[in-house]
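Visitor: predicted model, plus sequence, below.
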Amino acid sequence: GAVVSQHPSWVICKSGTSVKIECRSLDFQATTMFWYRQFPKQSLMLMATSNEGSKATYEQGVEKDKFLINHASLTLSTLTVTSAHPEDSSFYICSARDLFGPGKSTDTQYFGPGTRLTVL
Amino acid sequence: AQSVSQHNHHVILSEAASLELGCNYSYGGTVNLFWYVQYPGQHLQLLLKYFSGDPLVKGIKGFEAEFIKSKFSFNLRKPSVQWSDTAEYFCAVNPRRDDKIIFGKGTRLHILP
């Protein structure tokens, strides 16, 4: 099946620094990728939809200037947490939508393994 | 607003017991429906999905789910669970006019050996 990777898998940073998380679709092209945030024992909350070659669409309440998303190619989207603070500590998960594979249906999203961010 | 409700936050069963996890959604239009599973320390995996056709959908590892449109429900079932089914299960809905997938809060399933 389709594989999505994330890098790094975990990161610890100091308050005030910026952290970049990469999401790659390894064996398919993804025009659309999604970024989620998962708090402990809670569900995934969609943060933004990342479209290749255009600006990301952010969900209500998500700060665009704090969570910068870039989707520069069909296989890579990046999420940069700028000026991170302890409350940004969370598990960040990306997914990629595979529309063009053989026998694929629309709206099948494949999830990455997640990145655990800890801000000290 | 669109939402997905999973009735049980934590379920504990013995091996060989039957399982049913409830899921209801609130959206009036046409939807695609999913169940995802997250095993301990692993990432989300698709268990099964419903787009159209037969409302009884069979997925991997013996799971199935039934879409009942009149009840806005998509309950997950398995006739006989195994210890290896211990995981967190998420119901998710994608309104067809939208790109987004909306997740329920998840049900943590613990199977006793």
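Guide: Structure received. Just so it is clear, the structure is predicted and the values come from calculations on it, not from any experiment. Numbers count the residues shown, from 1 in each chain, chains lettered A, B, ... in the order given.
Visitor: ignoring the adjacent residues along the chain, who's closest to residue 96?
Guide: Because you didn't say which chain, this covers chain A. With C-beta to C-beta, 6 or more residues apart in numbering or on different chains as the measure, residue A:30 is the residue that lies nearest to residue A:96, at 3.6 Å, once sequence neighbours are left out. Where you see a C-beta, it was placed from the backbone N, CA and C, and this is true even at glycine.
Visitor: switch to chain B, please.
Guide: Counting by C-beta to C-beta, 6+ apart, residue B:30 is the residue found nearest to residue B:96 once chain neighbours are left out, at 4.7 Å.
Visitor: number of nearby residues for that neighbour?
Guide: By other C-beta atoms under 10 Å in any protein chain shown, the residues close to residue B:30 number 12.
Visitor: who does the helix or strand of chain A with the lowest mean pLDDT touch, helix- and strand-wise?
Guide: Least confident element among the helices and strands of chain A, by mean pLDDT, DSSP states H and E: strand A:109-111 (a mean of 85). Taking 3 or more C-beta pairs under 8 Å, 6 or more residues apart in numbering or on different chains; DSSP states H and E as contact, the helices and strands that strand A:109-111 lies on are strand A:90-97.
Visitor: what about the residue lying closest to residue A:39 once chain neighbours are set aside, distance to residue A:78?
Guide: Distances taken as C-beta to C-beta, 6+ apart put residue A:90 closest to residue A:39, at 6.0 Å, once the chain neighbours are dropped. When distances are taken as C-beta to C-beta, to the nearest Å, residue A:90 and residue A:78 turn out to be 17 Å apart.
Visitor: got a list of what residue B:48 touches?
Guide: The contact partners of residue B:48, by C-beta atoms under 8 Å, 6 or more residues apart in numbering or on different chains, come to B:34, B:35, B:57, B:58, B:59, B:60, B:63, B:64, B:65, B:76.
Visitor: out of everything not next to it in sequence, what's closest to it?
Guide: With C-beta to C-beta, 6+ apart as the criterion, residue B:48 has its nearest non-adjacent residue at 2.7 Å, and that residue is residue B:59.
Visitor: next, count neighbours for the one you found.
Guide: Neighbourhood size, residue B:59 [other C-beta under 10 Å]: 18.
Visitor: who in chain A is up against chain B?
Guide: For chain A, the residues in contact with chain B (C-beta under 8 Å from any C-beta of the partner chain) are A:32, A:34, A:41-46, A:49, A:93, A:95, A:97, A:105-114.
Visitor: repeat that with 10 Å
Guide: In this structure, chain A approaches chain B at residues A:1, A:4-6, A:32, A:34, A:36, A:38, A:41-46, A:49, A:51, A:57, A:59-60, A:93, A:95, A:97, A:105-114, judged by C-beta under 10 Å from any C-beta of the partner chain.
Visitor: now residue B:84: phi and psi?
Guide: phi -70, psi -10 (degrees, to the nearest 10).
Visitor: let me know the distance separating it from residue A:12.
Guide: Between residue B:84 and residue A:12 the computed distance is 32 Å (C-beta to C-beta).
Visitor: residue 72: how many residues sit nearby?
Guide: I'll assume chain A. Using other C-beta under 10 Å: residue A:72 sits among 10 other residues.
Visitor: meant chain B, my bad for not saying
Guide: As a burial measure, residue B:72 scores 17 neighbours (other C-beta under 10 Å).
Visitor: over to residue A:32?
Guide: Around residue A:32 sit 20 other residues, with neighbours defined as other C-beta under 10 Å.
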